Structure formats: structure tokens, C-alpha cells
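take this sequence and fold it.
(one chain, ligands or ions: 2)
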Amino acid sequence: MIQIKGLSFLYNDSKEPALNNINLQIGEGEFVGIVGPTGAGKSTLALCLNGVIPHFLHGEFYGEVKVDGKDTVENDCARIAYSVGSVFQDPEAQIVSTRVEDEIAFGLENLNIPRIEIAARIKESLEMTGISDLRDYSTTQLSGGQKQRVAIASAIALRPKILVLDEPTSELDPKGSLDIFNTLQKLNKEYSITIVVIEQKIQLLTEYCSRLVVMEKGSVLLDGPTRNVLANQEILQKIGVNSSPVTRLAYMLKKEGLYQGEFPINVEEAYLVVSKVLSEKRR
Ligand SMILES: Nc1ncnc2c1ncn2[C@@H]1O[C@H](COP(=O)(O)OP(=O)(O)OP(=O)(O)O)[C@@H](O)[C@H]1O
Ligand SMILES: [Mg+2]
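Ligands and ions are numbered 1, 2, ... in the order given. A predicted model of the protein is given here:
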């Protein structure tokens, strides 16, 4: 679904490359989390997936990016938008209409989708994101989480195969963040949409993503199944990627030689790890 080969990018006015020889392949139906310290190049990578780079933001571009088989240099952003839906960090910047329904229709009208089809797509995307009741709301009266979901609904109305989200929960409380990730999980499981999400909240990535990509200084430092990536605690701590309490607990038990198994990714699994360690100690 996503094929990145030898991608390097240097913004016009900077000296250091923002991306440095990225190689990444993401298959259909994957739910991938991207994490890394500030300035690592995460947002730049997202902009390469939706074609904003190189079509709107200019610089030196090397390598190849293909999404859904489309080369992002040869295809313009409108064509790429049929395959890749984007949700940016700040929903305010993305929302252009005053009514929720019009906001979702906006992208569809730009692609010259027939009226009757637009009505069906609005209904469908509102249902998929669980906000059918917001259809007639003014976009100015929405909460941060509702705005994020309207942005997601607008993106999926174009029926993309891939959804790329850059810190979609940055302005949300824990409950709002969970709602967004539950929505993403549903889109991934029920509609097989490939999800690539940049996120600082490692706990959310740990619980929801099947694969983690860790970026640092424009490169991919670690990439693999979530558990395997989390096992590299020394590296993650060194670059300042904090870990969830369940990961830290398992790491400490491992360091003390009390536990050798796989890294737990949620509280239930951590409970089993602790029970196992305690029962072995008692013996
Ligand atoms: N429009 C731009 N023009 C010039 N340099 C830029 C531009 N946008 C980003 N950069 C630089 O590119 C590098 C990567 O930035 P990017 O925003 O991709 O990092 P990030 O991992 O998303 O960081 P954050 O976690 O802070 O969002 C940084 O050194 C940044 O200063
Ligand atoms: Mg960023």
C-alpha cells in the first residue's frame, strides 16, 4: 500500500535533511504508529505520503514514494487524495466550512463527485466515525474531539485506502484520545483502511498499533511489531521516547532477571506477567 525507497528530503531553506534515506513498506490493512523526538521528521514523512511534498512544499527530493501504486511525484495531490486521506494536527486549520455536512461535502465537490453520491458518502462517513448526530451542527460549536472526528469523516468520505494522521489527539483529554483511537481501530478492522498515525502518547500506540516505527534525525531507527520495538527500552530512553507504565514494569523485571518473556502491551498482560513472577518467587 505504501512503498518508500531511499527517500531523502531537504527543505529549501535548511542545511540538514529533514528525511535521510527512508525505506519503508506498509501493507494493506496495517495499523502503524510513528513515534520519535521533536524534529525527527515525522510530519515531513506524512507530507510526503499525501503529496504536499513535493507539490506544495519545495526542496531537494530524492528517492521514490508510492501510495496505492501511485508515484507521488508523477501524480498531483488531487489524484493522491483518492488513495490517501490526511488529518493534520490542528483541525482548526483543516476545517473550512461552517456546517459539518458542508465540511464533509467540500472535498467531494472538489473531486466532482455527483450530488446523489455525495449525500450517500456524507451519511456513510458520519456513521463510520460515530458522529451522525453532528450532521447539522455548526463547525464553530464543536469540541476539539468532535472537530478531530469531523476532520477524519471528511478524509474518509473520499474512501481512501490509507489514512495518515499527524498527532490527531494532541489537543484532546485521555477520553477524547481513546475515542479517536477506537474510531481508527474500527476503520482499520471493519473497513480495512490502512492507518498510519503519528502520536506522542506511547500508551495509545502500544495498545492499538500492530507495528511501530521509531524515527530519529530523519531516519528510521526501529521498525517492527509493537512488542519487539518496545523491547529496545535502552534505545528508546536514550532518544527520549518515554514508555508506558506496563512496558517500564516489564523492563525493570527483566533487568532484575525476574522475567524473560515477551513485553506486555496492556494492563491485562502486565497483570499476567506480575502474577507469573510472584508465583515463581513463592516457589
Ligand atoms: N517548512 C519547513 N521549512 C524548513 N524546515 C522545516 C520545515 N518543516 C520542518 N522543517 C525541519 O525539518 C525537520 C523535521 O521536522 P518535522 O516537522 O518533520 O519533525 P517532527 O518529527 O514532526 O517534529 P514534531 O514532533 O516537533 O512535530 C526539523 O529540523 C524542522 O526544523
Ligand atoms: Mg510533527
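
pLDDT wise, what is whatever residue of the stretch 51-200 of the chain ends up closest to ligand 2 at?
In the stretch 51-200 of the chain, the residue that lies nearest ligand 2 is residue 166 (6.0 Å; Cβ to the ion). (Glycine included, C-beta is placed from N, CA and C.) Looking at residue 166, its pLDDT reads 95.

okay, residue 74 and ligand 1: tell me how far apart.
23 Å (Cβ to the nearest ligand atom, to the nearest Å).

state whether the residue of the stretch 51-200 of the chain closest to ligand 2 and residue 91 are indeed in contact, as I suppose.
No: counting by Cβ atoms under 8 Å, residue 166 sits too far from residue 91 to count as a contact (11.0 Å).

what's the domain layout of this protein?
2-236, 244-283 (automatic domain parsing).

measure the first one end to end?
I take that to be domain 2-236. End-to-end distance for domain 2-236, by Cα to Cα, to the nearest Å: 25 Å.

got it, and stretch 122-141?
Using Cα to Cα, first and last residues of stretch 122-141 are 19 Å apart.

pLDDT averaged over that stretch - what is it?
Rounded mean pLDDT across stretch 122-141 is 92.

what residues sit buried inside that stretch?
Neighbour counts over stretch 122-141 (16 or more other Cβ atoms under 10 Å) mark 122, 124-126, 128-129, 131, 134, 137, 139 as buried.

kindly report the same for stretch 149-163.
149-163.

which of those residues has the weakest pLDDT?
For the buried residues of stretch 149-163, the pLDDT minimum is residue 159, 85.

and which of the buried residues of stretch 149-163 is nearest residue 20?
Of all the buried residues of stretch 149-163, residue 162 has the smallest distance to residue 20: 23.1 Å, by Cβ to Cβ.

beta partners of that closest one?
residue 84, residue 194 (DSSP bridges).

now the helix ranked longest in the chain: mean pLDDT?
As assigned by DSSP state H, the longest helix anywhere in the chain is helix 174-191. Mean pLDDT, computed over helix 174-191, is 90.

contact partners of it?
Residues from elsewhere that reach helix 174-191 (Cβ atoms under 8 Å, 6 or more residues apart in numbering): 29, 31, 128-130, 143-145, 148-149, 152, 156, 163, 165, 168-169, 172, 193-195, 197, 201, 204, 207-208.

give me the buried subset of these.
Judged by 16+ other Cβ under 10 Å, buried ones among the contacts of helix 174-191: 31, 128-129, 144-145, 148-149, 152, 156, 163, 165, 168-169, 172, 193-195, 197, 201, 204, 207-208.

what about the closest residue to residue 264 other than its chain neighbours, neighbour count?
Leaving aside its sequence neighbours, residue 264 sits nearest to residue 270 (Cβ to Cβ, 6 or more residues apart in numbering; 4.3 Å). By the measure other Cβ atoms under 10 Å, the count of residues near residue 270 is 20.

hang on, isn't residue 270 packed against residue 246?
Yes: Residue 270 lies in contact with residue 246 (Cβ under 8 Å); the separation is 3.9 Å.

quick one on the thing from earlier: wait, what's in contact with the residue nearest to residue 264?
Taking Cβ under 8 Å, 6+ apart, we find residue 270 in contact with 246, 249-250, 264.

can you check residue 67 too?
1-3, 49, 80, 83-84, 162.

and the residue of the stretch 1-150 of the chain nearest ligand 2?
For the stretch 1-150 of the chain, Cβ to the ion, closest residue to ligand 2: residue 43, 3.1 Å.

helix or strand for that residue, which one?
helix 42-49 (DSSP states H and E).

ok, residue 32 next?
Per DSSP H and E: strand 31-35 holds residue 32.

does ligand 1 sit close to that strand?
No: taking Cβ under 6 Å from any ligand atom as the criterion, strand 31-35 and ligand 1 are apart, separated by no less than 8.5 Å.

and that strand, what does it pack against?
If contacts are counted by 3 or more Cβ pairs under 8 Å, 6 or more residues apart in numbering; DSSP states H and E, strand 31-35 sits against helix 42-49, helix 174-191, strand 194-198, helix 202-208, strand 211-216.

what about it, distance to the chain center?
Chain-centre distance of strand 31-35: 6 Å, with Cα atoms, centre = their mean, to the nearest Å.
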